[in-house]
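Colleague: Sequence isn't available, so here's the structure alone:
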């Protein structure tokens, strides 16, 4: 496998040559060119499988080089480098079937993964060319059919509860399974670190994760039938034992996987191993395993066995809610979070923690914070919206650490907004600015209150206290001021000006204008 580096910047080419571990990527030779003409000569003289190329170069662009490669019918995986996130470049690169599009400055870890994917794609295409006569496409389709089979079993609920239903599915898919095969599912839950690839680029992260899993689950005693992503952060590997099942071996592999996930994937992991059993009993095994995943509080970097799992029947005993309410009133979020963290770890140590308990605890915390904000005339249900809130809320039942992250967001957001709301001048200035810049929109006390997440009546009282004028009158004055400016500086019709400042009724606008200015809009324009 050979790679060609093309960039008019000598230092970029040198950095790529020296900082990339080409040997580890199974790259035999690395060729370099500093313009399109040199690159074309090298492509004619040597077999090039992967091209890493700058787009913007003085003697011809990378896109022109790729167009030439396509015309000459060279089979090359092309990765473009560019300083500009230009949609037209990206669109053209897609049209020319480039492999990937990478923005400078170069992140070598991320580029390594992209090259890995390109190498895998190049190998796959070479294998396809060599093995068409050997039934390659049949084999590839077989893999997809097999994955579909296991996904149906994992999500089929009661449809495959009986062995004869599984047997029929095996027959329909023409799979080489027997109901007596010994199967052992392993469920993996991933916790990506903030700022890691798992948070920034899911496709690349998934590729790296599958690489790690396929490398680890190599054992002569079993085969890996499939690796499925059940939902975000939840994966399942299905082992088929060729000899007597050995759960200890699966545990050892999971322990190694957790170490590599921490080190290479920049994430924590939790593994859950089902008991090995016959394929005919797989419905109950999967049901129990997925139920365990839903109901168990996941402890990061640990492995659990389904056969040792017993759902805690602990009842919920809430923390000291009066103390927590007092800490909120004292504007002491750090003490609040310390107290909730102490409570969570205490009930965990005493085996009083399960998903039901954690859910009730979350309900208490949300109600406590919402009630606190309501007492400050802040509309919490308007403030806590959006992707961040939804994601943290959904993840909060996964583990103690996830619950602590949600509470930090919940309480710190409440405290920060309380501090803002207690500065009437800041709130009023924000409302004034919105009115001035949106005078043509529909403006009401309710719509303005939603902008600052405050109770409409409370906002109206605050506004009048700070400005000496009611909110409604301020809106009228702001609109008339804009209307006067348009009448003085433009030839726009009065009817259009009325619409631009938020009044669809021309007569009403004229009446308000005369009340405020002492003359009609037409008279005002003539005077000016």
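Modeller: In hand now; what should we look at? Note that this is a predicted model, so its numbers are computed, not measured. Residues are numbered from 1 along each chain as shown.
Colleague: what's stretch 50-59 in contact with?
Modeller: Stretch 50-59 is contacted by residues 1-9, 12, 16, 27, 35-37, 39, 61-63, 65-66, 69, 76-84, 89, 93, 115, 118-119, 122 when judged by CB atoms under 8 Å, 6 or more residues apart in numbering. For glycine as for every other residue, the C-beta is placed from the backbone atoms N, C-alpha and C.
Colleague: Whichever of the residues you listed end up buried, select them in ChimeraX.
Modeller: Selecting only the buried entries of the contacts of stretch 50-59 in ChimeraX, with 16 or more other CB atoms under 10 Å as the criterion:
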select :1,2,3,4,5,6,7,8,12,16,27,36,39,61,62,63,65,66,69,76,77,78,79,80,81,82,89,93,115,118,119,122
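Colleague: Among the contacts of stretch 50-59, which lie within strands?
Modeller: Applying DSSP state E to the contacts of stretch 50-59, the entries found in strands are 2, 3, 4, 5, 6, 77, 78, 79, 80, 81, 82.
Colleague: Please list all residues in contact with the third one.
Modeller: By CB under 8 Å, 6+ apart, the contact list for residue 4 reads 31, 32, 33, 39, 42, 43, 48, 50, 51, 52, 53, 76.
Colleague: Distance-wise, check the closest residue to the third one other than its chain neighbours relative to residue 108.
Modeller: Spatial nearest neighbour of residue 33, chain neighbours left out: residue 39 (4.1 Å); criterion: CB to CB, 6 or more residues apart in numbering. Residue 39 sits 22 Å away from residue 108 when distances are taken as CB to CB, to the nearest Å.
Colleague: same question, residue 150
Modeller: Residue 150 sits 36 Å away from residue 108, going by CB to CB.
Colleague: More neighbours: which of the two?
Modeller: Shown here are residue 150 and residue 108; by other CB atoms under 10 Å, residue 150 has more neighbours (19 against 14).
Colleague: after whichever strand or helix holds the more buried one comes which helix or strand?
Modeller: Per DSSP states H and E, residue 150 falls inside helix 136-155. In the C-terminal direction, the helix or strand that comes right after helix 136-155 (DSSP H and E) is helix 163-173.
Colleague: Please name every helix or strand in contact with whichever helix or strand comes after that following helix.
Modeller: Later in the chain than helix 163-173, the nearest helix or strand by DSSP H and E is strand 182-192. In terms of contacts (3 or more CB pairs under 8 Å, 6 or more residues apart in numbering; DSSP states H and E), strand 182-192 is packed against helix 197-200, helix 202-216, strand 222-231, strand 234-241, helix 247-260, strand 267-273, strand 277-278, helix 282-295.
Colleague: mind listing what's buried in the third one?
Modeller: Across strand 222-231, burial judged by 16+ other CB under 10 Å covers 222, 224, 225, 226, 227, 228, 229, 230.
Colleague: Output the residues you listed as CSV; include the columns pLDDT.
Modeller: Output for those, formatted as CSV (pLDDT from 0 to 100):
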residue, pLDDT
222, 92
224, 91
225, 91
226, 91
227, 92
228, 92
229, 92
230, 90
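Colleague: What is the nearest of those residues to residue 287?
Modeller: Proximity of the buried residues of strand 222-231 to residue 287 (CB to CB) peaks at residue 230, which lies at 13.2 Å.
Colleague: so who does the spatially most central residue of the chain touch?
Modeller: Nearest to the geometric centre of the chain sits residue 199, at 5.8 Å (CA atoms, centre = their mean). By CB under 8 Å, 6+ apart, residue 199 lies in contact with 192, 193.
Colleague: State the distance from it to residue 184.
Modeller: Taken as CB to CB, the span from residue 199 to residue 184 is 31 Å.
Colleague: Per the annotation, how does the protein divide into domains?
Modeller: Split into domains by automatic domain parsing, the chain comes to 2-131, 139-308, 321-421, 424-441+465-527.
Colleague: same question for the shortest one, mean pLDDT?
Modeller: Pointing back at domain 424-441+465-527 there. Averaging pLDDT along domain 424-441+465-527 yields 92.
Colleague: I'd guessed the residue nearest to residue 33 sits against residue 8; true?
Modeller: No - the criterion here is CB atoms under 8 Å, and residue 39 misses it with residue 8 at 10.9 Å.
Colleague: measure stretch 266-283 end to end?
Modeller: Start-to-end span of stretch 266-283 (CA to CA, to the nearest Å) is 33 Å.
Colleague: Let me see the ranges of the helices in the stretch 251-400 of the chain.
Modeller: Assigned by DSSP state H, counting those that start in this stretch, the helices in the stretch 251-400 of the chain fall at 282-295, 321-329, 333-349, 355-375, 380-383, 387-395, 400-421.
Colleague: In TSV: those helices, plus mean neighbour count and mean pLDDT.
Modeller: Output for the helices of the stretch 251-400 of the chain, formatted as TSV (neighbours: other CB atoms under 10 Å; pLDDT from 0 to 100):
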stretch	mean neighbour count	mean pLDDT
helix 282-295	18	88
helix 321-329	15	94
helix 333-349	16	93
helix 355-375	17	93
helix 380-383	15	86
helix 387-395	13	88
helix 400-421	18	92
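Colleague: Now render those helices as TSV, adding distance to residue 264.
Modeller: Formatted as TSV, the helices of the stretch 251-400 of the chain follow (distance: least, CB to CB, whole Å):
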stretch	distance to residue 264
helix 282-295	24
helix 321-329	40
helix 333-349	29
helix 355-375	30
helix 380-383	39
helix 387-395	23
helix 400-421	21
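Colleague: For residue 320, see how far away the residue nearest to the centre of the chain is.
Modeller: To residue 320, residue 199 is 35 Å away according to CB to CB.
Colleague: Show me where the stretch 401-528 of the chain has its strands.
Modeller: Using DSSP state E, counting those that start in this stretch, no strands are found in the stretch 401-528 of the chain.
Colleague: tell me the contacts of residue 145?
Modeller: By CB under 8 Å, 6+ apart, residue 145 lies in contact with 173, 174, 175.
Colleague: Just give me the closest of those to residue 460.
Modeller: Distances from residue 460 to the contacts of residue 145, taken by CB to CB, are shortest for residue 173, at 66.9 Å.
Colleague: How about the contacts made by that closest one?
Modeller: 145, 146, 148, 149.
Colleague: pretty sure the last one is in contact with residue 174, am I right?
Modeller: No - in terms of CB under 8 Å, residue 149 does not count as a neighbour of residue 174; the distance is 10.4 Å.
Colleague: Which residue of these two possesses the greater neighbour count?
Modeller: Taking other CB under 10 Å, residue 149 and residue 174 do not tie; residue 149 has more neighbours (20 against 8).
Colleague: excluding its backbone neighbours, what's nearest the more buried one?
Modeller: In space, residue 149 is closest to residue 173, 5.4 Å off (CB to CB, 6+ apart).
Colleague: swap in residue 343?
Modeller: residue 319 (4.1 Å).
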